[in-house]
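1. task: produce atomic coordinates for the following.
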Amino acid sequence: MRLLDHRNRPIFIKPIVQFIMQVLSSFLHIDKNDTSPVYLQIGNQLMGLVKAGTLPAGYRLPSTRQLALSLSVHRKTVIRAYDELLAQGWLESKTGSGTFVARHLPAFKPQTLTPGLTNTAQVAGFNIHTATHLHRKVILTNTPLHLDDGFPDTRLAPVLDMSRAYRTQLLTGNPYTRLGYGDTRGSAWLREELATYLNQTRGLHITPANIILVRGTVMGLYLACTGLLQAGDTVVTGEPGWMGAQMNILQAGANLIKISVDEYGLDIDELDQLCRQQPVRMVYVTSHHHYPTTVALRADRRVQLLALAQKHGFIIFEDDYDYDFHYQNKPLMPLASADEAGMVLYCGSFSKTISPAIRVGYLVGAENVIEHLARLRRIVDRQGDTLLENAVAELLQNGIIQRHLRKSLRVYRQRRDVFCDLMNSQLHNHVQFKIPDGGLAVWTQFDQHIDLTKLSQSALKQGLYLDGESVDSNTIRLGFASSTVEELALSVEILAKLLGDI
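-> Prediction:
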């Protein structure tokens with residue numbers, strides 16, 4: 001190998017050094033198409049040679065000038081590569097002697113790559129103990145038509161008002177306060193507005209100290225289960241019920257017991273019998289519109305449930321996921337509004353009110369419970385999105401969310417009526433349902449001979465999404481709120497055709 005200096009004059013190198021450089025440079029390759037800087041390419045490749053055992057501890061590297069000439073790069077590039085490895089401890093330098101592979105490194109055995117080795121980017125080298133209750137499919141769909149689980153129509157969301165409010169929070173005020181760390185319980189402003197709003201609309205009697213802001217009902221339930229349950233505690237839910245709640249309960253190590261739900265909601269007599277037999281720590285309930293059936297918990301059962309909680313000392317976790325959408329009359333007041341013994345944790349969010357992307361929810365309880373859960377929240381998520389929370393507070397203060405809810409209620413009521421009429425006229429031979437008093441979906445029972453999984457797969461090919469995983473007795477939720485009247489008509493038309501071909 002004949003090396004030239006910057007003036008194209010030959011450089012004479014001792015044969016042994018020349019041999020070392022030939023061997024080393026054969027391992028180093030500069031990729032001009034690589035987005036990584038050249039010095040990092042050199043440094044990473046040298047590090048790889050050390051890890052592979054090719055360059056042993058104490059090995060003397062060529063001078064920066066010699067390696068730069070060998071690789072046809074600027075000497076400063078090699079200097080920077082060496083400096084990077086020196087800083088990381090892979091190399092060591094001795095004045096007047098040169099640069100060496102660090103002697104303190106352990107001896108790396110040469111490794112030979114063989115076919116079939118595990119790709120560590122895909123599979124870790126350590127064991128993972130998974131739980132079956134966590135294996136729940138994440139639904140991502142971009143089909144033009146959808147009869148989903150009961151989602152709001154994000155096209156109705158007050159995005160312009162939200163963007164203005166968010167921009168205001170981002171650009172105005174003391175940046176140290178607005179953009180820094182805040183209260184683990186969430187924005188003080190939003191908790192103040194929520195206390196007023198929930199007292200006015202839900203009949204609660206709370207202050208900001210009774211509220212912790214969360215990123216949605218799932219987070220509120222996670223905090224409650226993790227912070228208030230111990231392994232082996234008994235928790236009761238309705239059957240059928242929400243898998244998201246069941247996952248949190250099981251993850252906390254609790255013993256999950258399901259009791260029946262009928263046309264009047266959770267069977268409180270069955271709960272009473274259970275409480276006589278064993279201690280119950282928590283009851284999870286969706287009292288306003290039971291998920292998934294949409295039935296409301298009847299008034300006498302509400303009174304009984306609160307009385308049982310006080311008598312046996314169990315927590316009621318009230319998930320009020322769609323309180324604002326009730327069409328027949330005024331919404332039923334939540335259990336929390338009649339709780340005189342401090343047994344209810346009340347949870348809601350703006351994910352159904354505005355959009356699933358707006359990750360702002362609230363958990364309401366006694367002050368000492370909120371303080372306890374705030375300490376737990378700190379190790380899960382230091383705080384929420386203060387800018388977003390303050391933006392929501394501004395929308396509440398200005399009445400924008402309230403106007404949005406009134407508008408959405410009118411739109412969703414119309415869509416419910418149209419959708420139910422369409423199903424009665426075109427699908428009556430295949431489905432049975434009751435027109436829901438509220439909520440964003442219709443609990444629909446299909447004939448037993450219909451395979452809902454195959455039906456959903458066929459519908460997907462036609463550009464229509466529906467959840468083919470039946471919760472109970474070939475029954476699923478068909479969400480109407482996120483579709484326009486025209487989209488609902490097309491969706492029912494597709495279903496009618498597919499069911500007619502069965």
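
2. which stretches in the stretch 51-200 of the chain count as strands?
-> All strands of the stretch 51-200 of the chain, identified by DSSP state E, counting those that start in this stretch, fall at 60-61, 91-94, 98-101, 145-147.

3. and those strands, which is most packed in?
-> The highest average neighbour count among those, using mean count of other Cβ atoms under 10 Å, belongs to strand 145-147 at a mean of 23. To be clear about C-beta, it is placed using only N, CA and C from the backbone, and glycine gets the same treatment.

4. and that one, what does it pack onto?
-> strand 464-466, strand 475-479, helix 485-500 (3 or more Cβ pairs under 8 Å, 6 or more residues apart in numbering; DSSP states H and E).

5. now the ones you listed as TSV including mean neighbour count and distance to residue 71?
-> Supplementary listing: the helices and strands packed on strand 145-147 in TSV, determined by neighbours: other Cβ atoms under 10 Å; distance: least, Cβ to Cβ, whole Å:
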stretch	mean neighbour count	distance to residue 71
strand 464-466	22	55
strand 475-479	22	62
helix 485-500	18	62
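
6. okay if I get these as a markdown table plus mean pLDDT?
-> Listed next are the helices and strands packed on strand 145-147 as a markdown table, based on pLDDT from 0 to 100:
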| stretch | mean pLDDT |
| --- | --- |
| strand 464-466 | 92 |
| strand 475-479 | 93 |
| helix 485-500 | 94 |
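
7. export the ones you listed to JSON lines and tack on distance to residue 442?
-> Below are these laid out as JSON lines (distance: least, Cβ to Cβ, whole Å):
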{"stretch": "strand 464-466", "distance to residue 442": "12"}
{"stretch": "strand 475-479", "distance to residue 442": "5"}
{"stretch": "helix 485-500", "distance to residue 442": "11"}
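
8. relative to residue 325, which of these is closest?
-> Among those, strand 475-479 comes nearest to residue 325, with 11.6 Å by Cβ to Cβ.

9. can you give me the offset of the closest one from its chain's centre?
-> 23 Å (Cα atoms, centre = their mean, to the nearest Å).

10. hey, C-alpha coordinates of it in CSV?
-> Provided in CSV are the C-alpha atoms of strand 475-479 (Å, rounded to 0.1, in the frame of the first residue of the first chain):
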residue,chain,number,x,y,z
THR,A,475,-74.4,-9.6,20.6
ILE,A,476,-72.3,-6.6,19.8
ARG,A,477,-72.3,-2.8,20.1
LEU,A,478,-73.0,-0.9,16.9
GLY,A,479,-71.9,2.7,17.3
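
11. list of residues touching it?
-> 146-151, 240, 292, 419, 440-446, 452, 466-471 (Cβ atoms under 8 Å, 6 or more residues apart in numbering).

12. picking that back up, the helices and strands packed on strand 145-147: which one's closest to residue 424?
-> Each of those was scored for nearness to residue 424 using Cβ to Cβ, and the closest is helix 485-500 (10.1 Å).

13. in PyMOL, how would I select just the buried ones from the contacts of strand 475-479?
-> To isolate the buried ones among the contacts of strand 475-479 in PyMOL, judged by 16 or more other Cβ atoms under 10 Å, type:
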select buried, resi 146+147+148+149+150+151+240+292+419+440+441+442+443+444+445+446+452+466+467+468+470+471
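
14. export the strands of the stretch 51-200 of the chain as TSV, with columns for distance to residue 76 and mean pLDDT.
-> Formatted as TSV, the strands of the stretch 51-200 of the chain follow (distance: least, Cβ to Cβ, whole Å; pLDDT from 0 to 100):
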stretch	distance to residue 76	mean pLDDT
strand 60-61	16	89
strand 91-94	16	90
strand 98-101	15	90
strand 145-147	58	93
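
15. dump these to a markdown table, plus distance to residue 262.
-> A markdown table is the format used below for the strands of the stretch 51-200 of the chain (distance: least, Cβ to Cβ, whole Å):
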| stretch | distance to residue 262 |
| --- | --- |
| strand 60-61 | 79 |
| strand 91-94 | 74 |
| strand 98-101 | 75 |
| strand 145-147 | 25 |
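
16. what sits against residue 216?
-> Applying Cβ under 8 Å, 6+ apart, the residues near residue 216 are 349, 351, 359, 360, 361.

17. which elements pack onto the lengthiest helix in the chain?
-> Longest helix in the chain, counting residues (DSSP state H): helix 400-426. Contacts defined by 3+ Cβ pairs under 8 Å, 6+ apart place helix 400-426 against helix 386-397, strand 431-433, strand 441-446, helix 485-500.

18. ok, which of these comes nearest residue 37?
-> Among these, helix 386-397 sits nearest to residue 37 (Cβ to Cβ), with 34.9 Å.

19. buried set for the closest one?
-> For helix 386-397, the neighbour count (16+ other Cβ under 10 Å) marks 386, 387, 388, 389, 390, 391, 392, 393, 394, 395, 396, 397 as buried.

20. what is it packed up against?
-> Against helix 386-397 (3+ Cβ pairs under 8 Å, 6+ apart) you get helix 159-171, helix 175-178, helix 188-202, helix 400-426.

21. and with 10 Å instead?
-> Secondary-structure packing of helix 386-397 (3 or more Cβ pairs under 10 Å, 6 or more residues apart in numbering; DSSP states H and E): helix 159-171, helix 175-178, helix 188-202, strand 211-214, helix 400-426.

22. in terms of mean pLDDT, which of these ranks lowest?
-> When the helices and strands packed on helix 386-397 are compared by mean pLDDT, helix 175-178 comes last with a mean of 79.

23. other residues contacting that helix?
-> 169, 170, 171, 172, 386, 387, 390 (Cβ atoms under 10 Å, 6 or more residues apart in numbering).

24. going by distance to residue 79, which of these wins?
-> residue 170 (42.7 Å).

25. skipping adjacent residues, who's closest to the closest one in space?
-> Nearest residue to residue 170, sequence neighbours excluded (Cβ to Cβ, 6 or more residues apart in numbering): residue 387, at 5.8 Å.
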